[in-house]
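Asker: The following block contains a protein sequence and its predicted model.
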Amino acid sequence: MPDERPGVVSNPTLVMGVVNVTPDSFSDGGRWFDAEAAIAHGLELVADGADILDVGGESTRPGAARVEPDEELRRVVPVIRELAGRGIRVSVDTMRAATAQAAVEAGAEIINDVSAGLADAAMGSIAAETGAQYVAMHWRGHSDRMDSLAEYHDVAAEVRDELAQRVDALVAAGVVPEKLILDPGLGFAKRGEQNWQLLGRLDVLAELGLPMLVGASRKRFLGAMLPAEASVADRDLPTAVVSVLSAQAGAWGVRVHDVQATRRALDVLGAWQSGRRG
């Protein structure tokens, strides 16, 4: 749908707003753990310009412990059902096939799996059966050990090649290639400089010919650029800059906590690009 705001020229990159239904997220400290609060927050993000809401019930911050399957379902399904029922495009952030299936049945259109099917062998077949779009992120291990797995000779090439292997496995499980979206997995088994190397070489990942989601929002490598006393929310300005640069590099979407800042930054990019065409 074209943007009808006066004077606004939209950039085609989609904005995915984060709705954490967790008590221990690094970014918001559990502010939206209650279902009603999470739904209200999602509606605020849509008002701020989110195209998609990504609802998750399990924190993937470094060192985080797994959540029991039933508890994950209890957290996310009511939120997804309510938001999708209002006509909002919803994604479920989960590594579990059973949660993904329940979420799609509740109205989710996208499965956002940070493990690209490695955490649950049934994920590929569930993605295929539901027909949902599927975000496959580069992943090497769970949050309690991922920092020890950040060893690369050429991070961009290795991430590309490991994602290509996941694409092959998912397609073999029946996922239609046109449903696949790739995510380089910033901060997941990546040190600070490796995240920047990935961002600077998104063209290497683009060689796979699939849409790309970039999720840099409020992550540690952005915080490392700021004064020691800076809050997590102070990372929103660097996030908006990364969002614009990712859009310029051809990203299908950006996943962010502060939707308004990124939406405004992308509006500026859209106007800039329109001026170049004019």
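Answerer: Arrived safely.
Asker: Would you mind listing where the stretch 51-200 of the chain has pLDDT under the threshold?
Answerer: Within the stretch 51-200 of the chain, the ranges that satisfy pLDDT under 70 run 62-64.
Asker: Going along the chain, name the strands of it.
Answerer: When assigned using DSSP state E, counting those that start in this stretch, the strands of the stretch 51-200 of the chain occupy the ranges 52-56, 90-93, 110-113, 133-137, 180-183.
Asker: Could you list the residues in contact with the second one?
Answerer: Just to be clear, that refers to strand 90-93. Where contact means CB atoms under 8 Å, 6 or more residues apart in numbering, the residues beyond strand 90-93 that reach it are 16, 52-58, 76, 80, 83-84, 99-100, 103-104, 107-112, 114, 135. From N, CA and C alone the C-beta is placed, and that goes for glycine too.
Asker: What are the neighbouring residues in contact with the residue nearest to R263 when sequence neighbours are not counted?
Answerer: Sequence neighbours aside, G49 is the residue nearest to R263 in space, at 3.4 Å (criterion: CB to CB, 6 or more residues apart in numbering). Contacts of G49 were listed using CB under 8 Å, 6+ apart, and they are 15, 259-260, 263.
Asker: what would the residues you listed look like in TSV with pLDDT, neighbour count and distance to M95?
Answerer: Conversion of these to TSV gives the following (pLDDT from 0 to 100; neighbours: other CB atoms under 10 Å; distance: CB to CB, whole Å):
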residue	pLDDT	neighbour count	distance to M95
V15	98	23	23
V259	98	24	24
Q260	97	18	29
R263	97	23	28
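Asker: and which of those residues is nearest H153?
Answerer: V15 (34.0 Å; CB to CB).
Asker: wait, doesn't that closest one sit right on Q260?
Answerer: No - under the criterion of CB atoms under 8 Å, V15 is not in contact with Q260, lying 9.6 Å apart.
Asker: Could you measure from the closest residue to G131 other than its chain neighbours over to A216?
Answerer: Closest residue to G131 apart from its sequence neighbours, by CB to CB, 6+ apart: K179 at 7.1 Å. In this structure, K179 and A216 are 24 Å apart, going by CB to CB, to the nearest Å.
Asker: Comparing the two, which shows the higher neighbour count?
Answerer: It is A216, of K179 and A216, that has more neighbours when counted by other CB atoms under 10 Å, with 24 against 19.
Asker: and the more buried one, that one's in a helix?
Answerer: No - under DSSP: H, G, I helix; E, B strand; the rest coil, A216 falls outside any helix and is assigned coil.
Asker: Next, count neighbours for E229.
Answerer: Taking other CB under 10 Å as the neighbour definition, E229 ends up with a count of 6.
Asker: try A164
Answerer: Other residues lying near A164 total 15 when counted by other CB under 10 Å.
Asker: I'd like the numbering to begin with 7 instead of 1 from here.
Answerer: Done: numbering now begins at 7, and the last item shifts to A170.
Asker: contacting residues for the residue nearest to G137?
Answerer: 133, 137-140.
Asker: contacting residues for the residue nearest to M143 when sequence neighbours are not counted?
Answerer: For M143, ignoring the flanking residues on the chain, the nearest one in space by CB to CB, 6+ apart is D189 at 3.8 Å. Neighbouring residues of D189 by CB under 8 Å, 6+ apart: 118, 120, 141-144, 218-221.
Asker: before we move on, back to that, look at the residue nearest to R269 and report its pLDDT.
Answerer: The per-residue pLDDT reported for G55 equals 97.
Asker: ok, now how distant is the closest residue to Q107 other than its chain neighbours from A106?
Answerer: The shortest distance from Q107 to any residue that is not its chain neighbour, by CB to CB, 6+ apart, is 5.1 Å, and that residue is I132. Counting by CB to CB, the gap from I132 to A106 is 5 Å.
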